[in-house]
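[1] below is the structure, and that's it, no one-letter string:
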C-alpha cells in the first residue's frame, strides 16, 4: 500500500497552488489522476459539495449531486516551509512581511505568487531589485494568495 507524502512534488504543488487560486479552492478538473490520488492520500484535499459541505456527510444525508476536491488546511500548510509559514503569519497590517525575513524565504514565496515586491510608493516590481551590490530595493508584501494560504477561504473554514 502506498504511503502519504509529507512534501508535495512539483506536480502536487502546481495542483495545490491552482486550487489555492480558485475562489472555492477547487483542484482543477484537468489534474492528472496520479496527482489527484497522491494529494488525496496525503490528506491535502477534501471532497466537498458545491456549497463547501463535506461530501461524505452530505451523501449520508441523501445528497447525490456533484462533488469536487478542495484544498484544505493541511494542503495549504504543505505548500509552505516553516520559515514561509512564520513569515506569512507575521505580516504587518499593511501586508508587509517582517523585516527580518530571509531572502530565500521571500524569494520562494514570490515564486509561488504568495508575495510581491513593492517600492515605497506601492508600485509592484518583478524582483526585489537586488543587483548584488546594494541589496534589495523593494520589500516583500503578501498577495491575496499569500493571505489565503494562512487564513483559508472565507466561505467555508474547513479543517483537514
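    Good, I have the coordinates. As the structure is a prediction and not an experimental result, all values here were calculated from the model.
[2] I'd like to know which helix or strand in this structure has the lowest mean pLDDT.
    helix 55-60 (a mean of 77; mean pLDDT, DSSP states H and E).
[3] now the helix or strand following it: average pLDDT?
    As assigned by DSSP states H and E, the chain's next helix or strand after helix 55-60 is strand 67-71. In this model, strand 67-71 carries a mean pLDDT of 90.
[4] quick one: contacts of the least confident helix or strand of the chain?
    If you take Cβ atoms under 8 Å, 6 or more residues apart in numbering as the criterion, helix 55-60 is touched by 47-49, 63, 67. Every C-beta, even on glycine, is put in place using the N, C-alpha and C of the backbone.
[5] what about 10 Å?
    Helix 55-60 has contacts (Cβ atoms under 10 Å, 6 or more residues apart in numbering) with 46-51, 54, 63-70.
[6] equivalent analysis for stretch 94-102, please.
    Counting by Cβ under 10 Å, 6+ apart, 83-84, 86-92, 105-106, 108-109, 114-116, 118, 122, 139-144, 146-147 sit against stretch 94-102.
[7] residues near residue 65, how many?
    10 (other Cβ atoms under 10 Å).
[8] and it, how close does it get to residue 79?
    According to Cβ to Cβ, to the nearest Å, residue 65 stands 29 Å off from residue 79.
[9] same check on residue 122?
    Separation of residue 122 from residue 79 (Cβ to Cβ) stands at 26 Å.
[10] what does residue 118 give?
    Residue 118 sits 22 Å away from residue 79, going by Cβ to Cβ.
[11] more neighbours: those two, which one.
    Using other Cβ under 10 Å as the criterion, residue 118 and residue 79 rank with residue 79 on top: 23 against 18.
[12] low-confidence regions, this structure specifically.
    1-5, 154-160 (pLDDT under 70).
[13] tell me which strands and helices the biggest helix by length in the chain is in contact with?
    Secondary structure of the chain per DSSP state H: the longest helix is helix 10-21. Packing partners of helix 10-21 (3 or more Cβ pairs under 10 Å, 6 or more residues apart in numbering; DSSP states H and E): helix 33-41, strand 45-49, strand 67-71, helix 73-78, helix 144-151.
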